[in-house]
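Q: I need the structure of the sequence given here:
(one chain, ligands or ions: 2)
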Amino acid sequence: MAILTAPIQALAAVWSMVVGLRVTVTNFFRPQETIHYPRQEVPPSHLDSFRGHIELVGADEDPAKARCIGCGLCAELCPSFCLKVVAEELPVDSAVCYPSQAGTDLLMPTPKFRAAPPSQTQPRKLLSYHLVYHTCSLCGLCVQNCPAGSLRFSHDVYLAGASRGRFEFDLMERLRGQAARGGAKGGKAHA
Ligand code: SF4
Ligand code: SF4
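A: Numbering: from 1, shown residues only. Ligands and ions are numbered 1, 2, ... in the order given. Model (predicted):
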């Protein structure tokens, strides 16, 4: 039996090499799933389920203006305290500032204001909308619950930066820039 051990081990080694080579050759000729950035870019059709940072959605009549009604629900729901929404004509007794983890103040409705569903509140003109993306967990609560359909995930797959400030966005300014460029939600980087 000992005489056969060496040939059997040799055969097993060769077989293992053949199996490995078969996997390598099969995958070598398969269509490529990755891209060589920056020589290539991700096709927009591959970005449908991609979650980039959130962004505002423009109104149909004016893409440079957000659909937002200034209800503040997104900032209230955000578990990461990374949204700061300021709307016009918010009565003094219906707003309160909470310190956020990001070191900014969040303008949030009091329970009195929250008692009315956002759909029953008067739309408020949005004054500013800031996102501190480096604390965002991409949970989607803000997008899912916005009563005006004013939020979505961007398709910015190329976002990169060397400082935290690169990940803090004025989303109203971003929306105006998108509208000026034609409003397309493509995969091109334009934070
Ligand atoms: S939940 Fe929607 S409508 Fe309300 S403040 Fe946020 S973005 Fe605007
Ligand atoms: S995706 Fe989640 S964590 Fe990010 S801003 Fe929206 S609610 Fe906050």
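Q: and the helix of greatest length in the chain, what's its mean pLDDT?
A: Longest helix in the chain by number of residues (criterion: DSSP state H): helix 2-28. Across helix 2-28, pLDDT averages out at 90.
Q: so which elements touch whichever helix or strand comes after it?
A: Following helix 2-28 in sequence order, the next helix or strand is strand 54-56 (DSSP states H and E). Applying 3 or more CB pairs under 8 Å, 6 or more residues apart in numbering; DSSP states H and E, we find strand 54-56 packed against strand 151-153, helix 171-180. Placement of C-beta: from N, CA and C, glycine included.
Q: need the ones you listed in JSON lines with mean pLDDT, can you?
A: Shown next, in JSON lines, are the helices and strands packed on strand 54-56 (pLDDT from 0 to 100):
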{"stretch": "strand 151-153", "mean pLDDT": "97"}
{"stretch": "helix 171-180", "mean pLDDT": "96"}
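Q: name the residues that touch the longest strand along the chain?
A: Ranked by residue count under DSSP state E, the longest strand found in the chain is strand 126-132. The contact list for strand 126-132 (CB atoms under 8 Å, 6 or more residues apart in numbering) reads 53-54, 56, 66, 68-70, 82-88, 100, 102, 104, 167-172.
Q: and those residues, which of them are buried?
A: The neighbour-count test (16 or more other CB atoms under 10 Å) marks 53-54, 56, 66, 68-70, 82-87, 100, 102, 167-169, 171-172 as buried among the contacts of strand 126-132.
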